[in-house]
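1. The sequence and its predicted three-dimensional model are supplied below.
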Amino acid sequence: MVPELIQALNNPNPLVRLNAAELLGKQPGKASQSTAALIKLLSDNGEYIPPQNPYGFTEPLALSEDYYNEYWTGKPLSREQFVRVNAAIALGSLGSTEAIPALKLGLKDSNPKMQIASAWALTRLKEVEIVLPVLSDLVTSSNPDIQSSSLRLLKATGAQGAKYILPALLKQFDASKPESRENIVLEFRDLGAAGLPAVSRLRETLEGPDVNARGYAATVLANIYEDLARQNIKGDLSKDDRRLATKELEKILQIVTKPGAKFNKPPVDRLRTAQTKL
């Protein structure tokens, strides 16, 4: 089967080539046979454009099980429309270290999907540090899919990428429109005390035009302040951070408790409780 798939990488139809690359990526025991051909495919500019149906909608490619892996591992979709994107993903799946130089070039590709695919492959090949600045820049893309994909991959890098996550989130927050911030606000929910630098922005969101973002911001702030309170009780919160946190919390409580404020009671109660422990 592998020889036939390698031969299919030369097919004039880009759909055949990208599917062949995906299938080769699922043959880890045969990596030595397909690596050279896949590396060559990293320069393939072929793109599959799905046909439109009679109603004018574009027919999407069928989703594979990799669609769900994307949310947990940062892995891009395995059936992207660009041939070289699938080749990069396949090389990462196969663990082909010979592809590292070519994948590093992919980080500079004009297509952000190729940058993300190359970054994912390089993380699989233990080349994490080089991809972090690239991902940090991509989260400010005007394309929501690129933003979310790069952020998921950044989170999936674990401890190595931790120092980039908050700056990346802040960049994405600042690049977003005030009237549509609910998704980016939710990205701060698991940062805990590390989210303190974002508190002023989240506070402003409490009075912003996005109704959903206002509610989410209250919950996220409650998460951050509960963790700050725990750190303070343990003696792990610096004086400067405690001073900043206390000052901001006073402003936050003024907003969420003023007459006519429409915030759910649980996050408001959690913020009040945190205040007693700071």
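-> Perfect, thanks for sending it. Everything numeric here is computed off the predicted structure, so don't read it as measured data.

2. Need the nearest residue in space to the residue nearest to the spatial centre of the chain, chain neighbours excluded.
-> Residue closest to the average C-alpha location in the chain (C-alpha atoms, centre = their mean): residue 151, at 2.0 Å. Among residues not flanking residue 151 along the chain, residue 139 sits closest, at 5.1 Å (C-beta to C-beta, 6 or more residues apart in numbering). Yep, even glycine has a C-beta here, placed from its N, CA and C like the rest.

3. ditto for residue 86
-> Nearest non-adjacent residue to residue 86 (C-beta to C-beta, 6+ apart): residue 21, at 4.0 Å.

4. mind checking which helix or strand that neighbour is in?
-> Secondary structure assigned from DSSP states H and E places residue 21 in helix 14-24.

5. relative to helix 14-24, how tilted is the helix or strand following that helix?
-> Following helix 14-24 in sequence order, the next helix or strand is helix 31-41 (DSSP H and E). Angle of helix 31-41 versus helix 14-24, following axes from the mean of the first three to the mean of the last three C-alpha atoms, to 10 degrees, is 150 degrees.

6. low-scoring pLDDT stretches of the stretch 51-200 of the chain, where are they?
-> Scanning the stretch 51-200 of the chain for pLDDT under 70 picks out 52-72, 79.

7. swap the cut-off to 80 and go again
-> For the stretch 51-200 of the chain, the stretches with pLDDT under 80 are 51-73, 77-80, 159.

8. Which stretches in it count as helices?
-> With helices called from DSSP state H, counting those that start in this stretch, the stretch 51-200 of the chain shows them at 66-73, 83-94, 100-106, 112-124, 132-138, 144-156, 162-175, 182-186, 199-205.

9. other SSEs contacting the following helix or strand past the last one?
-> Using DSSP H and E, the helix or strand that directly follows helix 199-205 along the chain is helix 211-234. For helix 211-234, the packing partners by 3 or more C-beta pairs under 8 Å, 6 or more residues apart in numbering; DSSP states H and E come out as helix 182-186, helix 199-205, helix 239-257, helix 265-276.

10. buried set for helix 211-234?
-> 213-229, 231-232 (16 or more other C-beta atoms under 10 Å).

11. got the end-to-end distance for stretch 130-142?
-> End-to-end distance for stretch 130-142, by C-alpha to C-alpha, to the nearest Å: 23 Å.

12. the domain parsing of the protein - what is it?
-> 1-46+58-175, 178-278 (automatic domain parsing).

13. most packed of the helices of the stretch 51-200 of the chain?
-> Among the helices of the stretch 51-200 of the chain, helix 83-94 has the highest mean neighbour count (mean count of other C-beta atoms under 10 Å), at a mean of 28.

14. just to revisit the earlier point, next one: the helix holding residue 21 to chain centre, how far?
-> Distance of helix 14-24 from its chain centroid, counting by C-alpha atoms, centre = their mean, to the nearest Å, is 25 Å.
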